[in-house]
Each structure stands twice: as structure tokens, then as C-alpha cells.
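Peer 1: I would like to see how this sequence folds:
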Amino acid sequence: MPMSKDPQGGGTNADGSRSTVYCSLCWRDGAFAQPGFTVGQMQQYCIEQLRKQGMPHVMAWAFTRSLPRLQRWRN
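Peer 2: Purely as a prediction, here's the structure:
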């Protein structure tokens, strides 16, 4: 999710501060909320969540295109 669209302003780090890297859908209390997700599963999950917020499907899909470039998915 784009940080600008995150209703919570980002995920939470272990110390309770807001993450500037990961959104609230993926990062909670300093850990990934869905640690077993593949990048494809995370994209689908994020699209569904953005759609629930009223975003059109095409726009939601476009926002998730950058997920594979996040540190989490680089190996």
C-alpha cells in the first residue's frame, strides 16, 4: 500500500513508532503481519485491501507493482 494511502500512516515498529518503510497491512509490532506470504500473495492481499477502501482495481494493481522491489522480497 502506498504510505500516503495508509489510513494508519504506516506500520508499527517494535518500539511503537511508525515505520517509514512498510505499511500497516504488512508491518505490525516490528514484524511482518503475514510472514509466509509470497510477493504474489501480498500483492493480491493489498489489492483486496485497497479495493475495500474504494480504490479502483486497476489503480490498486498499479500501486502494488513496486512490492517486488521492497527489501522484504529482495534475495
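Peer 1: now the strands for the chain?
Peer 2: For the chain, applying DSSP state E gives strands covering 27-28, 31-32.
Peer 1: chain center to the last one, what's the gap?
Peer 2: What it means is strand 31-32. Here strand 31-32 is found 11 Å from its chain centre; the criterion is CA atoms, centre = their mean, to the nearest Å.
Peer 1: please apply the same query to the first one.
Peer 2: Between the centre of strand 27-28 and the centre of its host chain there is 9 Å, according to CA atoms, centre = their mean.
Peer 1: thinking again about what came up before, could you say which of the strands of the chain is packed most deeply?
Peer 2: strand 27-28 (a mean of 18; mean count of other CB atoms under 10 Å). All C-beta atoms are positioned from the backbone trio N, CA, C, and that covers glycine.
Peer 1: adding mean pLDDT, write the strands of the chain out as JSON lines.
Peer 2: Shown next, in JSON lines, are the strands of the chain (pLDDT from 0 to 100):
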{"stretch": "strand 27-28", "mean pLDDT": "94"}
{"stretch": "strand 31-32", "mean pLDDT": "94"}
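Peer 1: how about these, which one is nearest residue 38?
Peer 2: Closest of these to residue 38 is strand 31-32, at 12.2 Å (criterion: CB to CB).
Peer 1: give me the sheet partners of that closest one and which way each runs.
Peer 2: Note on strand 31-32: by DSSP bridges, its sheet partners are strand 27-28 (antiparallel).
Peer 1: just checking, residue 37 touches residue 45?
Peer 2: Yes: in this structure residue 37 lies within contact range of residue 45 using CB atoms under 8 Å: 6.9 Å.
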